[in-house]
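A.B. asks: No letters, just coordinates:
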């Protein structure tokens, strides 16, 4: 086995199939590769979050922190990747946009699964998959009965003072040096990265389609703006305030 066969490189490099005329392939290839790369990172994020949930549920907090460090490194990569797609100018995108049909990032079932895994399921996203048995099966393999945040919360409540409220338990753990504090701060870092990604995504959409509707029928940048400043771990942020 060599490098090419191990990575199935021939198959991988054949997965970019621009729908636009050849004159637009250079820019559409950039668009396709960027989004395919997102989905590959989403796949790895799902695996890492599953591992974090299992470790936290077993009380192995130090090991879970190591996993969350990797989760955040991947999330930072996802944020940074927007810089590449932002080199796509408005007029360049408009030349091939019509060939995308109804394809939209809103339809990413892996990202919908990640939101649910973290503890912020989006019911509107899940509704669009009701008639697709394959995606339903894949989502069933992604989503866990208990989210990352709920797993953390259960562990913290077991370790905290029963006389305290949940908010006070979380606040006290954040304030003292401990593995639990490190873990909670990793979650805050992840949430901050996700919010940064949403903001940069809004600005990307504004510069490539303006105020037009999204290709999948969404409200475009208006929908994305509605997701801003909406943290995943809101109970954790509340404990700080």
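C.D. replies: Sure thing, it's come through. Note that the coordinates shown come from a computational prediction; the quantities given were computed from them, not determined experimentally. Residues are numbered from 1 along each chain as shown.

A.B. asks: what is the rounded mean pLDDT of the lengthiest helix in the chain?
C.D. replies: Scanning the chain for the longest helix, with DSSP state H as the assignment, gives helix 25-57. Per-region confidence: helix 25-57 scores 97 on mean pLDDT.

A.B. asks: distance between that helix and the chain's centre?
C.D. replies: For helix 25-57, the separation from the chain centroid amounts to 8 Å (computed by Cα atoms, centre = their mean, to the nearest Å).

A.B. asks: Return the helix or strand in the chain with minimum mean pLDDT.
C.D. replies: One helix or strand of the chain scores below all others by mean pLDDT, DSSP states H and E: helix 221-226, with a mean of 64.

A.B. asks: Could I get the average pLDDT for the helix or strand just after it?
C.D. replies: Downstream of helix 221-226, the next assigned helix or strand under DSSP states H and E is helix 234-240. On average, the pLDDT along helix 234-240 is 92.

A.B. asks: So for helix 234-240, what gets flagged as buried?
C.D. replies: 236, 239 (16 or more other Cβ atoms under 10 Å). (Glycine included, C-beta is placed from N, CA and C.)

A.B. asks: for that helix, packing partners?
C.D. replies: Contact here means 3 or more Cβ pairs under 8 Å, 6 or more residues apart in numbering; DSSP states H and E; on that basis helix 234-240 packs against helix 148-159, helix 166-175, helix 179-209.

A.B. asks: so which of these comes closest to residue 36?
C.D. replies: helix 179-209 (16.6 Å; Cβ to Cβ).

A.B. asks: who does that closest one touch, helix- and strand-wise?
C.D. replies: Checking 3+ Cβ pairs under 8 Å, 6+ apart, helix 179-209 ends up next to helix 61-85, helix 90-97, helix 148-159, helix 166-175, helix 221-226, helix 234-240.

A.B. asks: Lowest average pLDDT across those?
C.D. replies: Lowest mean pLDDT within those: helix 221-226, a mean of 64.

A.B. asks: Tell me the secondary structure of the residue of the chain most remote from its centre, please.
C.D. replies: Distance to the chain centre peaks in the chain at residue 163, reaching 35.9 Å (criterion: Cα atoms, centre = their mean). Local secondary structure at residue 163 is given as coil here, using DSSP: H, G, I helix; E, B strand; the rest coil.

A.B. asks: mind starting the numbering at 14 from now?
C.D. replies: Yes, from this point I'll number from 14; that puts the last item at residue 176.

A.B. asks: got the buried residues for the longest helix of the chain?
C.D. replies: By neighbour count on 16+ other Cβ under 10 Å, the buried set for helix 38-70 is 38, 40-41, 43-45, 51, 55, 58-59, 61-66, 68-70.

A.B. asks: Quick check, central residue of the protein?
C.D. replies: So for the chain, Cα atoms, centre = their mean, it's residue 124, sitting 4.9 Å from the centre.

A.B. asks: quick one: contacts for it?
C.D. replies: By Cβ atoms under 8 Å, 6 or more residues apart in numbering, the contact list for residue 124 reads 55, 118.

A.B. asks: same thing but at 7 Å, please
C.D. replies: residue 55 (Cβ atoms under 7 Å, 6 or more residues apart in numbering).

A.B. asks: Next one: it from residue 56, what distance?
C.D. replies: Shown here: residue 124 relative to residue 56, a distance of 11 Å by Cβ to Cβ, to the nearest Å.

A.B. asks: swap in residue 122?
C.D. replies: Residue 122 is 11 Å from residue 56, by Cβ to Cβ.

A.B. asks: Residue 106 now?
C.D. replies: Taken as Cβ to Cβ, the span from residue 106 to residue 56 is 26 Å.

A.B. asks: Count the neighbours of residue 165 for me.
C.D. replies: Neighbours of residue 165 under the rule other Cβ atoms under 10 Å: 26.
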